[in-house]
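Trainee: after the sequence you'll find the predicted model.
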Amino acid sequence: MAQQQHDDADCWRKHHEANRVSWNAATKAHNAHKKDQAAFFRAGGTTLFREEVMELTSGGFDVRGKRVLHLQCNAGQDSLSLASSLGADVVGVDISDEAVDFASKLSADSGIPATFVRADVLDFMLGDEPSTAGDDGSKVSAEGKASAGDKASEDGAAGSQTTTTTTTA
């Protein structure tokens, strides 16, 4: 039974690593044709649909100043829209190194603060990902809690390295 679980975990890791590599390639291709997205955001642009904004702001619901965890954030455009248009403190998580790098650069170039974490979402949500730390030393966890002084760590296993980038305006 234990050997079967180990074999299943190895198979799962191999598939997730292949998925990460695939998303790295797709992200490069997808963002290659886009114009200056930072200028779009600096000019007040948003990628959120009117219906999404209404859903996130109606009935007394307000994300302004609240920490929002955006899973599978891809290259960060919607994460940055949540931060700039709705005032949320956004943490974006994606499996793609390319997506997180792009999102982090877009955050810096647009002047919209956000945190981006490279992690497998399933590991992240199950708490199997290493702790991640923002520039101020605060830890970001799957529970969305932050605690001062916790340091980032890395797990050398394929597909489970975590990278965190925090950008402040």
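Mentor: That came through, no problem.
Trainee: residue 90 reaches residue 103, doesn't it?
Mentor: No - judged on CB atoms under 8 Å, residue 90 makes no contact with residue 103 at a distance of 10.0 Å. Just so you know, the C-beta spots here come from the backbone N, C-alpha and C atoms, and that holds for glycine as well.
Trainee: what about those two, which has more around it?
Mentor: When residue 90 and residue 103 are compared for neighbours, residue 103 comes out ahead with 32 against 28, by other CB atoms under 10 Å.
Trainee: sec struct for residue 115, please.
Mentor: Using DSSP: H, G, I helix; E, B strand; the rest coil, the three-state assignment for residue 115 comes out as strand.
Trainee: so in terms of bridging, what pairs with it?
Mentor: According to DSSP bridges, the partner residues bridging residue 115 are residue 91, residue 166.
Trainee: now the strands: where do they sit in the chain?
Mentor: Under the criterion DSSP state E, the chain carries strands at the ranges 67-71, 89-94, 114-118, 132-133, 139-140, 163-167.
Trainee: mind checking how far the second one is from the chain centre?
Mentor: Going back to what we said before, that points to strand 89-94. Relative to the mean C-alpha coordinate of its chain, strand 89-94 is positioned 4 Å out (CA atoms, centre = their mean, to the nearest Å).
Trainee: can you list contacts of stretch 37-44?
Mentor: For stretch 37-44, the external contacting residues (CB atoms under 8 Å, 6 or more residues apart in numbering) are 77, 80-81, 84, 106, 109-112.
Trainee: may I see the buried residues of that stretch?
Mentor: Under the neighbour-count criterion of 16 or more other CB atoms under 10 Å, stretch 37-44 has 37-38, 40-41 buried.
Trainee: TSV please, covering those and showing distance to residue 119.
Mentor: Below are the buried residues of stretch 37-44 laid out as TSV (distance: CB to CB, whole Å):
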residue	distance to residue 119
37	23
38	24
40	27
41	24
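Trainee: what's the burial count for residue 59?
Mentor: Residue 59: 7 surrounding residues under other CB under 10 Å.
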